[in-house]
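In: Sequence first, then the predicted structure, then my questions.
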Amino acid sequence: MMGPAARRRRPLRNSEILRGWLGTCGLHTRMNPRPFLDTSPDASQNTDPSARPLGPLPIRVLHLGRVPYAAAHERMVRFTAERGAGTPDEIWLLEHPPVYTLGQAGRAEHLLEDRGIELIRTDRGGQITYHGWGQIVAYVLLDLRRRDLKVRELVARLEEAVIHTLARYNVVGERKAGAPGVYVWHAGALNKIAALGLRIRNGCSFHGLSLNVDMDLAPFAAINPCGYPGQKVIDLVTLCATAHPAGVLGDLEAALVNVLSPTYESEHHVI
């Protein structure tokens, strides 16, 4: 009820996955799915990507490939705890194996049935969500004071990055008052296409957002997505069949870099 059945997708070629990128970046029905992020053996170990300047404030974009949720979380926590005044901000782009995550104030009853998918309680805000193949996850590790950003402004800018990304595929993304994330109208209903959850520690952010690109959406039927019963969920390929995950990854990366620029003028659209 939460979306179309799993679809057969054209396998990605390595040239499509790797072309043009610098740096290091659920019931799941595909027995051996191909990742749309770089999964070379040392991709998740690359800690020296090219810096991308944002005016006077450098930022690094890391393409990390497939990373289990627990490993990514441990790395985020360690990075945030060990960073100093001169540590460059980072954006991590990655893909998680199938997992449900429950926010620090999340209620277990929002998991409606056992689908055999691991449930991890984590320290971000928000309730329950699902991560799996075909979803881009972007973790934003920022010193908010250095960027003169408040939490609400960061949330707005992350949402705008998704909205601008969707616009490249002629898809109109919208906000929903009181429910962070990005939504699209489809089949007469407001469907969630991107979820957002953050944690702020000592003025620095971690966690981030997830964008559904080309997923098996069935696992969302086993939860109240983000704590909202009946919330419909969709992916970009349902709305634009020509959307290619590797291309969407690049578009989202560019949009995130743009909205986090010190000179960016935020656009607020709340429905």
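Out: In hand now; what should we look at?
In: what sits opposite the residue nearest the centre of the chain in the beta ladder?
Out: Relative to the mean C-alpha position of the chain, the nearest C-alpha, by C-alpha atoms, centre = their mean, is the one of residue 210, at 2.2 Å. Beta bridges link residue 210 to residue 137, residue 195, judged by DSSP bridges.
In: Check the offset of stretch 219-235 from the chain's centre.
Out: 16 Å (C-alpha atoms, centre = their mean, to the nearest Å).
In: picking up where we left off before, in contact with the residue nearest to the centre of the chain, which residues?
Out: Residues counted as contacts of residue 210 (C-beta atoms under 8 Å, 6 or more residues apart in numbering) are 129, 131, 135, 136, 137, 138, 194, 195, 196. Placement of C-beta: from N, CA and C, glycine included.
In: my guess is the second one meets residue 137, correct?
Out: This means residue 131. Yes - assessed by C-beta atoms under 8 Å, residue 131 is found in contact with residue 137 at 6.3 Å.
In: gap between the residue nearest to the centre of the chain and residue 148?
Out: Counting by C-beta to C-beta, to the nearest Å, the gap from residue 210 to residue 148 is 26 Å.
In: go on, residue 221?
Out: Counting by C-beta to C-beta, the gap from residue 221 to residue 148 is 42 Å.
In: Same question for residue 118.
Out: Taking C-beta to C-beta, one finds residue 118 at 38 Å from residue 148.
In: Tell me which of these two has more neighbours.
Out: Looking at residue 118 and residue 148 with other C-beta atoms under 10 Å, you find the greater number of neighbours at residue 118, namely 13 against 9.
In: gap between that one and residue 166?
Out: Taken as C-beta to C-beta, the span from residue 118 to residue 166 is 29 Å.
In: Tell me which helix or strand residue 248 sits in.
Out: Assigned by DSSP states H and E, residue 248 belongs to helix 245-259.
In: Export stretch 92-101 to CSV, keeping only CA atoms.
Out: Only the C-alpha atoms of stretch 92-101 are listed here, as CSV (Å, rounded to 0.1, in the frame of the first residue of the first chain):
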residue,chain,number,x,y,z
TRP,A,92,29.2,12.0,3.4
LEU,A,93,27.2,10.4,0.6
LEU,A,94,26.5,6.7,1.0
GLU,A,95,24.1,3.8,0.8
HIS,A,96,23.0,1.6,3.7
PRO,A,97,22.0,-2.1,3.6
PRO,A,98,18.4,-2.6,4.7
VAL,A,99,17.8,-1.3,8.2
TYR,A,100,15.1,0.5,10.3
THR,A,101,16.4,3.3,12.5
